[in-house]
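Participant: Quick one: sequence and predicted model below, then my questions.
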Amino acid sequence: MTRKSTPKRFFNRYIFLGLLVASGVYAFSQHLGSTQAAGHSGALSHTQPAAVATTASHAYTNGSYTGSASDAYYGTVQVKAIVKNGQLADVQFLQYPNTHSYSIAVNNQAMPMLTQEAIQVQSAQVNGVSGATLTSQAFQQSLAAALVQARG
């Protein structure tokens, strides 16, 4: 008699993975300590850049620029870069992985972090968000393509 994967076994596997991730998150949060008190909440971590990498005050041409769609395994990431006064003013996500509840939870935390750092460093060269590695990489690719257009 062959054993089939039942919904219960499938569900238990995800509970195990969730507990495994949660225990790692707890250990990591204990390590961070004061970083969470400074405004970082949730399971994902993100390191701040050592220095802001703006090379010129008016590096980009004003307008909106759509980056290429980039595969993030669980879905596609595509962003729009908005440039005002020659600087990256905002990054909007046009597409992102949002078909699984875990992807939604991860991306709801990662997307603001990625956006904030991109604006801060005025570049697509941002640090990846731990736990959202594929989304981070796809974000970097899409934003880089948009910023190439913005440079003219």
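Facilitator: Sure, I can see it. Numbers count the residues shown, from 1 in each chain.

Participant: Same question for stretch 141-152: list its buried residues.
Facilitator: Across stretch 141-152, burial judged by 16 or more other C-beta atoms under 10 Å covers 141-147, 149-150. The C-beta positions use only the backbone N, C-alpha and C, and glycine is treated the same way.

Participant: among the helices and strands of the chain, which has the poorest mean pLDDT?
Facilitator: Across the helices and strands of the chain, mean confidence by mean pLDDT, DSSP states H and E is lowest for helix 34-37: a mean of 36.

Participant: The next helix or strand after it: which residues count as buried?
Facilitator: Next helix or strand after helix 34-37 toward the C-terminus (DSSP states H and E): strand 63-66. Buried residues in strand 63-66, counting neighbours by 16+ other C-beta under 10 Å, are found at residue 65.

Participant: tell me which strands and helices the helix or strand following strand 63-66 is in contact with?
Facilitator: Scanning forward in sequence from strand 63-66 by DSSP H and E, the next helix or strand is strand 70-71. In terms of contacts (3 or more C-beta pairs under 8 Å, 6 or more residues apart in numbering; DSSP states H and E), strand 70-71 is packed against strand 76-84, helix 133-151.
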